[in-house]
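Peer 1: for reference, the sequence and a predicted model appear below.
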Amino acid sequence: MSSPKVLFGFHAVGVRLKTAPQSIIEVYYEATRRDARMRQFIARAKEAGVRLIEADSLRIAKLAGSHGHQGVAARVQEIPMAKSLDDLLDQLEADGVKAPLLLVLDGVTDPHNLGACLRVADGAGVHAVIAPKDHAAGISATVAKVASGAAETVPYFMVTNLARTLNELKERNIWCIGTSGDADKTIYDVDLKGPVALVLGAEGDGMRQLTRKTCDQLVSIPMKGAVESLNVSVASGVCLYEALRQRGG
């Protein structure tokens with residue numbers, strides 16, 4: 001069995017209470033906080049039958065590794081997910097999913113950006129998020145909190161060679177569409193109803209050159225104001241929800 005990990009914040013712990021309460025070892029809560037949100041949270045935890053432990057803010061901060069815990073943290077067991085991207089894609093095919101929707105993040109190192117991207121990916125029904133092992137953020141307690149539970153529901157695969165992985169996706173007939181400010185077509189001009197991997201780079205640097213060259217097609221997001229680019233999580237939202245719109249919402 002894998003080592004326990006820590007979730008903190010109402011959203012992250014609340015999603016685990018909702019989806020897999022049996023995986024929760026114990027929940028720590030700030031005893032001095034007695035507002036309605038905390039009372040509702042404690043009631044849900046008791047209903048789920050999890051172990052509740054009173055703690056002060058400092059103890060919870062040490063457990064969470066952050067002071068942004070909102071008075072709630074939990075020690076939990078990892079939830080088993082597909083062990084590899086190939087396993088996931090094989091399972092999707094076996095389940096009859098004809099048009100996988102994937103999000104590829106190249107060089108997103110900020111945990112807050114990654115957490116926000118995972119949250120958007122969950123909302124848009126993305127089947128997996130892919131990132132390189134180097135120069136990318138991994139799943140941490142901060143990522144889980146920002147993701148508001150999506151780190152528990154969206155498979156996140158860190159691959160050794162991103163360009164090779166994109167080529168493997170193309171061999172599975174998954175169209176790899178990268179975003180670039182200088183692309184001729186916009187995200188609204190392309191067909192996103194089929195199997196698609198949307199590839200986004202970090203804000204500022206964008207995609208690495210090899211990643212860019214490996215994409216089947218490049219598209220832009222229309223920018224009508226003075227700024228030249230969007231935060232990667234916002235850009236992810238624009239692209240993923242356009243795909244969701246085309247697929248019938």
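Peer 2: Structure received.

Peer 1: find the nearest non-adjacent residue to the residue sitting furthest away from the middle of the chain, please.
Peer 2: Centroid-distance maximum for the chain: Thr32 at 32.3 Å, with Cα atoms, centre = their mean. Counting by Cβ to Cβ, 6 or more residues apart in numbering, Thr32 lies nearest to Asp56, which is 7.4 Å off, once chain neighbours are set aside. (Each C-beta comes from the backbone N, C-alpha and C, glycine too.)

Peer 1: same thing with Cys239?
Peer 2: Nearest non-adjacent residue to Cys239, counting by Cβ to Cβ, 6+ apart: Leu198, 4.9 Å away.

Peer 1: just checking, what packs against the helix or strand harbouring that neighbour?
Peer 2: Per DSSP states H and E, Leu198 falls inside strand 196-201. Other helices and strands packing on strand 196-201, by 3 or more Cβ pairs under 8 Å, 6 or more residues apart in numbering; DSSP states H and E, are strand 101-106, helix 162-171, strand 175-179, helix 232-246.

Peer 1: can you map out the strands along this structure?
Peer 2: Taking DSSP state E as the criterion, the chain carries its strands at 5-8, 24-30, 52-55, 72-76, 101-106, 128-132, 156-159, 175-179, 185-186, 196-201, 217-220.

Peer 1: so can I have JSON lines of those strands showing distance to Asp86, mean neighbour count and mean pLDDT?
Peer 2: Formatted as JSON lines, the strands of the chain follow (distance: least, Cβ to Cβ, whole Å; neighbours: other Cβ atoms under 10 Å; pLDDT from 0 to 100):
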{"stretch": "strand 5-8", "distance to Asp86": "25", "mean neighbour count": "22", "mean pLDDT": "90"}
{"stretch": "strand 24-30", "distance to Asp86": "30", "mean neighbour count": "20", "mean pLDDT": "96"}
{"stretch": "strand 52-55", "distance to Asp86": "40", "mean neighbour count": "14", "mean pLDDT": "96"}
{"stretch": "strand 72-76", "distance to Asp86": "27", "mean neighbour count": "25", "mean pLDDT": "95"}
{"stretch": "strand 101-106", "distance to Asp86": "13", "mean neighbour count": "25", "mean pLDDT": "98"}
{"stretch": "strand 128-132", "distance to Asp86": "11", "mean neighbour count": "22", "mean pLDDT": "97"}
{"stretch": "strand 156-159", "distance to Asp86": "10", "mean neighbour count": "19", "mean pLDDT": "96"}
{"stretch": "strand 175-179", "distance to Asp86": "16", "mean neighbour count": "23", "mean pLDDT": "97"}
{"stretch": "strand 185-186", "distance to Asp86": "30", "mean neighbour count": "12", "mean pLDDT": "96"}
{"stretch": "strand 196-201", "distance to Asp86": "14", "mean neighbour count": "26", "mean pLDDT": "97"}
{"stretch": "strand 217-220", "distance to Asp86": "24", "mean neighbour count": "17", "mean pLDDT": "96"}
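
Peer 1: which one, of these, ends up nearest to Lys83?
Peer 2: In terms of Cβ to Cβ, the element of the strands of the chain nearest to Lys83 is strand 156-159, at 9.5 Å.

Peer 1: pairing partners for that closest one, with directions?
Peer 2: Strand 156-159 has its sheet partners listed here by DSSP bridges as strand 128-132 (parallel).

Peer 1: excluding sequence neighbours, find me the nearest residue to Glu242.
Peer 2: Going by Cβ to Cβ, 6+ apart, Glu242 has Ile187 as its nearest residue, at 5.3 Å.

Peer 1: over to Gln91?
Peer 2: Counting by Cβ to Cβ, 6+ apart, Gln91 lies nearest to Ala82, which is 6.3 Å off, once chain neighbours are set aside.
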